[in-house]
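**Q** Just to be clear, the model below is a prediction. Sequence and coordinates:
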2 protein chains.
Amino acid sequence: MDIAAQRIERAQHLMAQQGIIGLMIMTRDDYRYFFGELRVQPRAIIPVVGPPILIAFAAEEPELRQAAGDLPLIVFTDVAEQMTGVRHAFRALVEGGLPPGFSTPPDGRMRVGMQLWFNTPAFLVELFRKLNRDLEIVSSDPVMDPLRMVKEPAELALMRQAQEIAALGMDRARQLIAPGVTGHEIATEALYTMMKAGAEGTSTPIHVNVGVRSCWIHGTAGRQPVARGDLVVVDLTPQVEGYCANLARTFVVGPPTELQSRLLQTYRDMRETVREILRPGVKVMELDAAGKRICQAAGFGDYHIDGIAHGIGLRFEETPAPTIIKGHRREPLQEGMTMALGHTVLAVPGVGGVRMEDVYRVTAGGGEILVPYPTDQWVVRHG
Amino acid sequence: MDIAAQRIERAQHLMAQQGIIGLMIMTRDDYRYFFGELRVQPRAIIPVVGPPILIAFAAEEPELRQAAGDLPLIVFTDVAEQMTGVRHAFRALVEGGLPPGFSTPPDGRMRVGMQLWFNTPAFLVELFRKLNRDLEIVSSDPVMDPLRMVKEPAELALMRQAQEIAALGMDRARQLIAPGVTGHEIATEALYTMMKAGAEGTSTPIHVNVGVRSCWIHGTAGRQPVARGDLVVVDLTPQVEGYCANLARTFVVGPPTELQSRLLQTYRDMRETVREILRPGVKVMELDAAGKRICQAAGFGDYHIDGIAHGIGLRFEETPAPTIIKGHRREPLQEGMTMALGHTVLAVPGVGGVRMEDVYRVTAGGGEILVPYPTDQWVVRHG
């Protein structure tokens, strides 16, 4: 394990300012960020002062002790024991004294920061609340976002690697799309290609949305076969060392209809317009506004849905993620943020939809694509 | 979509008894159970009276309207809209009048049931709480468990199918284990085999825990190569139509040491002893007690950890799951429950651990395995 001492120090500084006595880490991404290791259902505490506390299953103790040196450990054999250990650790923290400069909340109620997004299990938060009635649970975003939003060079390198793997998966998917092939078959082969190329898995299930399901926001890789004339949205999210890629393309099986061509062309134009303003200081809502104008000019104004871009990194969607957290619409971009651009679906409901998504780095000259991939090869063979 | 009217009626009956005005469905398994369809991040409400309410992304509306007939729909374009729609629906429900026989909670505070396990996102529960301060969130287990714990024949058939696919994956993994091969490579090939055989994916990441990591409770499929003498725990969890399999085996690369042989043999004995008492009326804690006696007799008493079995079905772990919810230790088994047996790790910390897991149906004659798979072929080639 590779403990990121500087990141922990920066987090502790922000925690003291915000009156947070500790971060309760319960997700793979935060654990990877601080400890350099991927774990399923990891647990740790970053206290506002002192060394981090690792929380381990009993049989893993010797290995973890060796890796973590003299860091404090909480050892458990079940969830109840785990959460009791956590309660004692937070109590000791409050009783042991807080650091100079700690900004005690006005109501005197001590705060614990947690990641409140998709991957934190609700029942652990509920259990924590029940066992720690004197503590207030707050979002850890104000601590984690300043650390994680702008990517370091080593992080960018892993994201590029993941994005290159996504490109291999998309090549494979494109090869296979044809009448009679199912979404499940395409997903199976694309995933195999990506894992052989080094992805540990994907951050979301692979989406191969066929026909009318090209309108879906979330994906599926169903058993219904592709038919001539279908739109097929392929959305790939491989991960390397926990870092996420996002590559989506929409294909047409055979010669596109006039409507399909216009949808695809409009989406491409919208993306390019937004890419140009992916610059520091621009607010997320301005990205959607610019995209909307392109859709309106193309006669698709009624079908435009906000949400063209979101942050990406160790989590599939991270700040800013305006379709998840409304306030992020007013978030200004910063140089060095990584954004997935092409997230929203442009769909004629009941007919079909398109999506093309890549990852960009925010720069003064506009979005800089991590790994270029063709945006104009949407027609695939049709038997 | 295939709306399970009888299941909904049974749920509504239990909700009325328990003073619950509606279930807020936010997980794949509950959605599949009521609506016969697999969706990523699905949302729906089962009110205590009246038809279920589906919640759909705007562009999916026409397709869903066609599939769902005249069921009420809430349409959203982002999370904020989704949760506002939900708030209005619950308000309308309270104002519209509750059914005769509804058991209003003593404090008059209306209850909403939610699945509070690993897959419900904490931030949605927090957002719901913030928007519905007049409603109390309670676990939906007392409604869902009586419905889901005992499996119907059609459910068992899908679980058998999933378990057969797991067996194919295990065959493939066993073929590949050899010095120099990595956990990641084994996981890649096993997953590909299982998806080609029809699994839509797995319910947990594939575990290929090598060497000292055979002690881990959760898995990993790392990049470190297998070495001669290693224990390798392979844990496979393919899903078919959302139904989960669970098959784990531990292999030894080359001739086992005396300790490795004893660990493997003890685990096998423990399982067989517990299998015999997997009968209606036996409490989950009695299973662990019986397992512990076997470990003690073999001189491994100090290393025994509770948690030999847990429920399995549309969720990887469901009631009874004693390592997650302590109270389940006192839960008596029922005829027709499906239990994954062989969940705990028997490990000499820092040295190595073993696990062998299969799925059984609880019957008066003891656990009936869904799909037999060899338990004594643990030595693999060693170069």
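**A** Nice, I can see it.
**Q** only C-alpha atoms for contact and neighbour calcs from this point on.
**A** OK.
**Q** what sits against the residue in the stretch 101-250 of chain A positioned nearest to chain B?
**A** Sorted by distance to chain B under C-alpha to the nearest C-alpha, the residues of the stretch 101-250 of chain A start with residue A:122, at 3.8 Å. The neighbourhood of residue A:122, defined by C-alpha atoms under 8 Å, 6 or more residues apart in numbering or on different chains, consists of B:116, B:117, B:118, B:119, B:120, B:121, B:122, B:123, B:125.
**Q** Then residue A:234?
**A** For residue A:234, the set of contacting residues under the criterion of C-alpha under 8 Å, 6+ apart consists of A:170, A:173, A:206, A:207, A:208, A:209, A:248, A:249, A:250.
**Q** Please name the bridge partners of the last one.
**A** In this structure, residue A:250 bridges to residue A:233 when assessed by DSSP bridges.
**Q** how near is it to residue A:235?
**A** Here residue A:250 is placed at a distance of 9 Å from residue A:235 (C-alpha to C-alpha, to the nearest Å).
**Q** I'd like the next helix or strand past the helix or strand harbouring residue A:113.
**A** Secondary structure here is read from DSSP states H and E; on that basis residue A:113 sits in strand A:111-114. Scanning the chain past strand A:111-114 towards its C-terminal end, the next helix or strand to appear is helix A:122-131 (assignment: DSSP H and E).
**Q** Report the backbone C-alpha coordinates of that following helix in PDB.
**A** This file holds the C-alpha atoms of helix A:122-131, laid out as PDB (Å, rounded to 0.1, in the frame of the first residue of the first chain):
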ATOM      1  CA  ALA A 122     -27.300   3.600   2.800                       C
ATOM      2  CA  PHE A 123     -27.500   1.000   5.500                       C
ATOM      3  CA  LEU A 124     -24.000   1.700   6.800                       C
ATOM      4  CA  VAL A 125     -24.900   5.400   7.000                       C
ATOM      5  CA  GLU A 126     -28.100   4.600   8.900                       C
ATOM      6  CA  LEU A 127     -26.200   2.300  11.300                       C
ATOM      7  CA  PHE A 128     -23.500   4.900  11.800                       C
ATOM      8  CA  ARG A 129     -26.200   7.500  12.600                       C
ATOM      9  CA  LYS A 130     -27.900   5.200  15.100                       C
ATOM     10  CA  LEU A 131     -24.700   4.400  16.900                       C
END
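**Q** pLDDT below threshold where in the stretch 251-383 of chain A?
**A** Low-confidence segments of the stretch 251-383 of chain A, defined by pLDDT under 70, span residues A:382-383.
**Q** Same drill for residue A:250 and residue A:235, tell me which one is more crowded.
**A** For residue A:250 against residue A:235, the residue with the higher neighbour count under other C-alpha atoms under 10 Å in any protein chain shown is residue A:235, and the figures read 28 against 25.
**Q** For the closest residue in space to the more buried one that isn't next to it in sequence, which residues are in contact?
**A** For residue A:235, ignoring the flanking residues on the chain, the nearest one in space by C-alpha to C-alpha, 6 or more residues apart in numbering or on different chains is residue A:248 at 4.1 Å. Remark: with contacts taken as C-alpha under 8 Å, 6+ apart, residue A:248 is in contact with A:233, A:234, A:235, A:236, A:342, A:355, A:356, A:357, A:358.
**Q** Run a quick neighbour tally on the fourth one.
**A** A count of neighbours around residue A:236, defined by other C-alpha under 10 Å, yields 31.
**Q** got a pLDDT number for the residue of the stretch 101-250 of chain A closest to chain B?
**A** Note on residue A:122: pLDDT of 90.
**Q** Please tell me how far it sits from residue B:123.
**A** Relative to residue B:123, and taking C-alpha to C-alpha, residue A:122 is found at 8 Å.
**Q** Then residue A:130?
**A** Taking C-alpha to C-alpha as the measure, residue A:130 and residue B:123 are separated by 17 Å.
**Q** Name the nearest residue to residue A:135, sequence neighbours excluded.
**A** residue A:110 (5.2 Å).
**Q** The one you found and residue A:136 touch, don't they?
**A** Yes: Residue A:110 lies in contact with residue A:136 (C-alpha atoms under 8 Å); the separation is 6.1 Å.
**Q** how about the strands in the stretch 151-300 of chain A?
**A** The residue ranges that make up the strands of the stretch 151-300 of chain A, judged by DSSP state E, counting those that start in this stretch, are A:201-202, A:207-210, A:231-236, A:238-240, A:243-244, A:247-253.
**Q** Any chance of CSV for those strands, columns distance to residue A:68?
**A** Listed next are these as CSV, based on distance: least, C-alpha to C-alpha, whole Å:
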stretch, distance to residue A:68
strand A:201-202, 26
strand A:207-210, 39
strand A:231-236, 35
strand A:238-240, 23
strand A:243-244, 23
strand A:247-253, 36
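**Q** So which elements touch the helix ranked longest in chain A?
**A** Ranked by residue count under DSSP state H, the longest helix found in chain A is helix A:153-176. Contacting helix A:153-176 under the criterion 3 or more C-alpha pairs under 8 Å, 6 or more residues apart in numbering or on different chains; DSSP states H and E are the following elements: helix A:183-196, strand A:231-236, strand A:238-240, strand A:243-244, strand A:247-253.
**Q** export the second one as PDB, just CAs?
**A** Extracted in PDB, the C-alpha atoms of strand A:231-236 (Å, rounded to 0.1, in the frame of the first residue of the first chain):
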ATOM      1  CA  LEU A 231     -29.500   2.900 -33.700                       C
ATOM      2  CA  VAL A 232     -27.100   1.200 -31.300                       C
ATOM      3  CA  VAL A 233     -25.600   3.200 -28.400                       C
ATOM      4  CA  VAL A 234     -22.400   1.600 -27.000                       C
ATOM      5  CA  ASP A 235     -21.100   3.100 -23.700                       C
ATOM      6  CA  LEU A 236     -17.900   1.700 -22.300                       C
END
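**Q** what's the angle from it to helix A:153-176?
**A** 150 degrees (axes from the mean of the first three to the mean of the last three C-alpha atoms, to 10 degrees).
**Q** Over strand A:231-236, what's the mean pLDDT, rounded is fine.
**A** Within the predicted structure, the mean pLDDT of strand A:231-236 is 97.
**Q** Which stretches in chain A count as helices?
**A** Listed in chain order, the helices found in chain A under DSSP H are A:5-18, A:28-35, A:61-68, A:79-95, A:122-131, A:141-148, A:153-176, A:183-196, A:258-276, A:284-297.
**Q** which of the ones you listed has the lowest average pLDDT?
**A** Averaging pLDDT over each of those puts helix A:61-68 lowest, since it has a mean of 87.
**Q** is chain B contacted by that one?
**A** Yes: interface with chain B: helix A:61-68 contributes A:61, A:62, A:63 (C-alpha under 8 Å from any C-alpha of the partner chain).
**Q** Tell me how many other residues crowd the last one.
**A** This points to residue A:63. Per other C-alpha under 10 Å, the neighbour tally for residue A:63 reads 17.
**Q** The first one too?
**A** The tally of other residues near residue A:61 (other C-alpha under 10 Å) stands at 20.
**Q** That one is in contact with residue A:75, isn't it?
**A** Yes: under the criterion of C-alpha under 8 Å, residue A:61 makes contact with residue A:75 at 7.1 Å.
**Q** Which one, of the strands of the stretch 151-300 of chain A, ends up nearest to residue A:325?
**A** Nearest to residue A:325, of all these, is strand A:243-244, at 19.8 Å by C-alpha to C-alpha.
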